[in-house]
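Asks: my questions are about this predicted structure, shown below with the sequence.
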Amino acid sequence: MTVEAAEQSAPIADHGDGPTLFDRIPQPVSILGFGAAIVLLWYLVTASGIVSPLILPTPLQTLNQLITVGANLFTGGYVLSAMWITTQEVLWGFAIAVVVGILLGILVSETRFGERAVMPYLVALDTMPKIAFAPLFVAWFGFSIESKIALAVYVSLFPVIVGTAAGVRSADENSLMLFRTMGVSRLKTLIHLKIPAGLPQIFTGLKIASLSVMAGAITAEFLGGGKGVGELIRIAATQLDTARVFALIIYLSLLGVALFGFVTVLERYVVFWRNSDPGRE
Amino acid sequence: MALATSEQVDAPSASTVYRLENVGKVYQRNALVALKGVSIDLPEGSFSSVIGSSGCGKSTLLKIMAGLLPATSGTVELRGTPVTKPRPDIGMMFQQATLLPWRTTIDNILLPISMREGKAAAKAAREKAEALMDLVGIKGFEAAYASQLSGGMAQRAAICRMLITEPAVLLLDEPFSALDEIVRDFMNMELQRICMERNATAFLVTHSIAEAVLLSDTVYVMAPRPGRVIEEVKIELPRPRTLDMTTDPMFGDYVRHIRRLLDEGSRT
Ligand SMILES: Nc1ncnc2c1ncn2[C@@H]1O[C@H](COP(=O)(O)OP(=O)(O)OP(=O)(O)O)[C@@H](O)[C@H]1O
Ligand SMILES: [Mg+2]
């Protein structure tokens, strides 16, 4: 009885520096509530005329544009074709960055040549202002999606290289020793030990890349024209239609979230042994 | 004692599986003489241990025996052929089980086969792997992943992985020292049973004098700087050995004798 009593009194005794207000409210409620507060602030700032609607549209205007743009998008209008073009750029850019990044990551981590001769150039390329290459890519690859893919690849490549290189090197001494006692070749050790052992880090690189790849594609669209969503945003911006810019950005971010979500789900499936519940039998 | 001498006469007649002659090792990097003039004969079906203070070259010796490291001098022969690189007829086990977490237990056990001979051969060896799992007492865990096994079970799986290629000699580098004492004693008895059942030739590196005496026919006592064998102690306790024997006065004599050798070795 006394033990029970002590247990029951514990949370009360803890009350002084115990759970805060946000510990007690369910998280979805906190998120929605905070979002509503921001929208309210947004509404107050714009409706009161403190900020001109040319700079910041009202929430209602944005909602209107979301509906207009959304209607066009989901009924197969020109927004859909623009979205499709941008999607292609993003997916191609990501796919190429993944393949090239993983290969380069293996090269720089597995060979002395890669580590000592190639890696310095990759670092130099990464430190350059990548966006400045957009006009060059347009000159090299033209005004259609190729130049956008090129910039998307460039912007997202490095995290994949770094993630792969770190991952491939992360195999522990004991496993490497085990593979040596079994007389396994270097290539087979890479395939059956180093790459699987490095998958968690490789996926970290992929997730970072999936977040930056769209920035590359959209920047290239701003600077190199074409028919993607970036072009629609640029036109809306020149018309000072900020509400429309907001609406387009929101739909674009759905694409970004979808890509990131896909990589995250894929990781959970591929790196199943890292999950708390290893039950895939 | 009469019994003991007759055994000593018998010993050389058993065919030698593994022979090290005057093996020396110098690590060029730091000009360190890790081993000097080590000669060891492992008769077929025998269990030998090497014991010595930390850094006296035990792991170096084992790596040379496994073909992972070239000796600077001397000869290393397994079944009459020199050991120059890792071979399928050498089985190894380390302090860590090192199961690959993305493979099931049985696929971990089949790893040496699938790496050396391919997937088809591994598939064909499945029944053999299951029999081994039965032998070490982890039947039923074929589809479990490493994270679902306890430390002792993981080491049992490592035993199966070592035995799957039917090696002529087992090289064991402190295989159970990461386990708690109760599990460790039990695993040592299991190891003895497995070695006796299969007439395996085993060579164990250990830090525990009691473990060495309990399991071995011969204990090689090493001293450091340079790493060398200072005495070969024949243990003449009957087989199978049991944990009860640790209270046997003869057992105590062996332990004391080896401890004295180790003390003297580390002082010089
Ligand atoms: N690759 C290496 N290069 C240079 N020196 C080494 C190398 N490996 C081991 N040594 C040295 O050789 C000596 C013997 O090392 P070894 O690992 O064989 O000892 P050990 O008896 O297994 O020790 P422990 O009981 O701590 O495992 C040590 O002094 C060690 O520092
Ligand atoms: Mg060692």
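Replies: Sure thing, it's come through. Ligands and ions are numbered 1, 2, ... in the order given.
Asks: does the closest residue to residue A:101 other than its chain neighbours count as helix, strand or coil?
Replies: Leaving aside its chain neighbours, residue A:101 sits nearest to residue A:160 (2.7 Å; criterion: CB to CB, 6 or more residues apart in numbering or on different chains). All C-beta spots, glycine's among them, are computed from the backbone N, C-alpha and C. For residue A:160, the assignment made with DSSP: H, G, I helix; E, B strand; the rest coil gives helix.
Asks: verify the stated contact: residue B:77 with residue B:17.
Replies: No - look at residue B:77 against residue B:17 with CB atoms under 8 Å: they stay out of range, at 9.4 Å.
Asks: which one of those two is surrounded by more residues?
Replies: More crowded of residue B:77 and residue B:17, by other CB atoms under 10 Å in any protein chain shown: residue B:17, with 21 against 14.
Asks: show me the shaky parts of the stretch 151-281 of chain A.
Replies: A:276-281 (pLDDT under 70).
Asks: which residue does it have closest to ligand 1?
Replies: residue A:173 (11.7 Å; CB to the nearest ligand atom).
Asks: what's the burial count for that residue?
Replies: 10.
Asks: other SSEs contacting the strand or helix carrying residue B:211?
Replies: Assigned by DSSP states H and E, residue B:211 belongs to helix B:209-215. Secondary-structure packing of helix B:209-215 (3 or more CB pairs under 8 Å, 6 or more residues apart in numbering or on different chains; DSSP states H and E): strand B:47-51, helix B:181-198, strand B:201-206, helix B:249-267.
Asks: got CSV for these, with distance to residue B:137, mean pLDDT and mean neighbour count too?
Replies: Shown next, in CSV, are the helices and strands packed on helix B:209-215 (distance: least, CB to CB, whole Å; pLDDT from 0 to 100; neighbours: other CB atoms under 10 Å in any protein chain shown):
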stretch, distance to residue B:137, mean pLDDT, mean neighbour count
strand B:47-51, 20, 95, 25
helix B:181-198, 7, 86, 16
strand B:201-206, 19, 94, 25
helix B:249-267, 27, 88, 15
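Asks: so for ligand 1, which of those sits nearest?
Replies: strand B:201-206 (6.8 Å).
Asks: is ligand 1 contacted by the closest one?
Replies: No - on the criterion CB under 6 Å from any ligand atom, strand B:201-206 is out of touch with ligand 1, staying 6.8 Å away.
Asks: so what's the gap between that strand and the chain middle?
Replies: The chain centroid and the centroid of strand B:201-206 are separated by 3 Å under CA atoms, centre = their mean, to the nearest Å.
Asks: and what of stretch B:206-216?
Replies: The answer for stretch B:206-216 is 11 Å, by CA atoms, centre = their mean.
Asks: now do the buried residues in stretch A:185-203.
Replies: A:189-190, A:192-203 (16 or more other CB atoms under 10 Å in any protein chain shown).
Asks: ok, so of these, who is nearest residue A:87?
Replies: If you rank the buried residues of stretch A:185-203 by distance to residue A:87 using CB to CB, residue A:203 comes first, at 21.9 Å.
Asks: just checking, the closest one touches residue A:260?
Replies: No - between residue A:203 and residue A:260 there is no contact under CB under 8 Å: 11.6 Å.
Asks: distance from the chain centre to stretch B:117-136, please.
Replies: 22 Å.
Asks: touching chain A at all, that stretch?
Replies: No - judged by CB under 8 Å from any CB of the partner chain, stretch B:117-136 and chain A are separated, with a smallest distance of 10.5 Å.
Asks: what part of chain B, helix or strand, is modelled with the least confidence?
Replies: Here the helix or strand of chain B ranked lowest by mean pLDDT, DSSP states H and E is helix B:2-13, holding a mean of 42.
Asks: low-confidence regions, the stretch 1-150 of chain A specifically.
Replies: Using pLDDT under 70, the stretch 1-150 of chain A drops low at A:1-17.
Asks: all helices for chain B, in order.
Replies: Assigned by DSSP state H, the helices in chain B fall at B:2-13, B:58-66, B:105-109, B:111-117, B:119-124, B:126-136, B:151-163, B:181-198, B:209-215, B:249-267.
Asks: ok, now the stretch 51-200 of chain A?
Replies: A:59-74, A:78-110, A:112-113, A:119-127, A:134-141, A:145-169, A:173-181, A:186-189, A:195-224 (DSSP state H, counting those that start in this stretch).
Asks: nearest to residue B:243, of those?
Replies: Per CB to CB, nearest to residue B:243 of the helices of the stretch 51-200 of chain A: helix A:173-181, 29.1 Å.
Asks: which residues does the most centrally placed residue in chain A contact?
Replies: Nearest to the geometric centre of chain A sits residue A:211, at 1.7 Å (CA atoms, centre = their mean). Residues in contact with residue A:211, defined by CB atoms under 8 Å, 6 or more residues apart in numbering or on different chains, are A:256, A:260.
Asks: likewise for the one 4 residues further on?
Replies: Remark: with contacts taken as CB under 8 Å, 6+ apart, residue A:215 is in contact with residue A:155.
Asks: interface residues of the stretch 1-150 of chain B facing ligand 1?
Replies: So the stretch 1-150 of chain B meets ligand 1 at B:27, B:29-30, B:32, B:34, B:52, B:54-60 (CB under 6 Å from any ligand atom).
Asks: how close does residue A:235 get to residue A:248?
Replies: Residue A:235 sits 10 Å away from residue A:248, going by CB to CB, to the nearest Å.
Asks: who has more neighbours, the two?
Replies: It is residue A:248, of residue A:235 and residue A:248, that has more neighbours when counted by other CB under 10 Å, with 26 against 13.
Asks: so is the one helix or strand the more buried one maps to next to chain B?
Replies: According to DSSP H and E, residue A:248 maps onto helix A:242-270. No - Helix A:242-270 lies out of reach of chain B by CB under 8 Å from any CB, never closer than 9.2 Å.
Asks: and of the helices of chain B, who's closest to residue B:39?
Replies: helix B:58-66 (11.4 Å).
Asks: packing partners for the closest one?
Replies: Counting by 3+ CB pairs under 8 Å, 6+ apart, helix B:58-66 packs on strand B:16-27, strand B:32-43, strand B:47-51, strand B:90-93, strand B:169-173, strand B:201-206.
Asks: and it, average pLDDT?
Replies: On average, the pLDDT along helix B:58-66 is 92.
Asks: between that helix and strand B:16-27, how big is the angle?
Replies: Angle of helix B:58-66 versus strand B:16-27, following axes from the mean of the first three to the mean of the last three CA atoms, to 10 degrees, is 120 degrees.
Asks: got the angle between helix B:58-66 and strand B:169-173?
Replies: Using the same axes, to 10 degrees: helix B:58-66 against strand B:169-173 is 160 degrees.
Asks: show me what counts as buried in helix B:58-66.
Replies: B:58-66.
Asks: with respect to residue B:23, which of those residues is nearest?
Replies: residue B:64 (6.3 Å).
Asks: ok, and the closest non-adjacent residue to that closest one?
Replies: That would be residue B:71: by CB to CB, 6+ apart, it lies 5.0 Å from residue B:64.
Asks: now swap in residue B:211 and tell me
Replies: residue B:188 (6.1 Å).
Asks: show me what contacts the one you found?
Replies: Contacts of residue B:188 by CB under 8 Å, 6+ apart are B:176, B:211, B:214-215.
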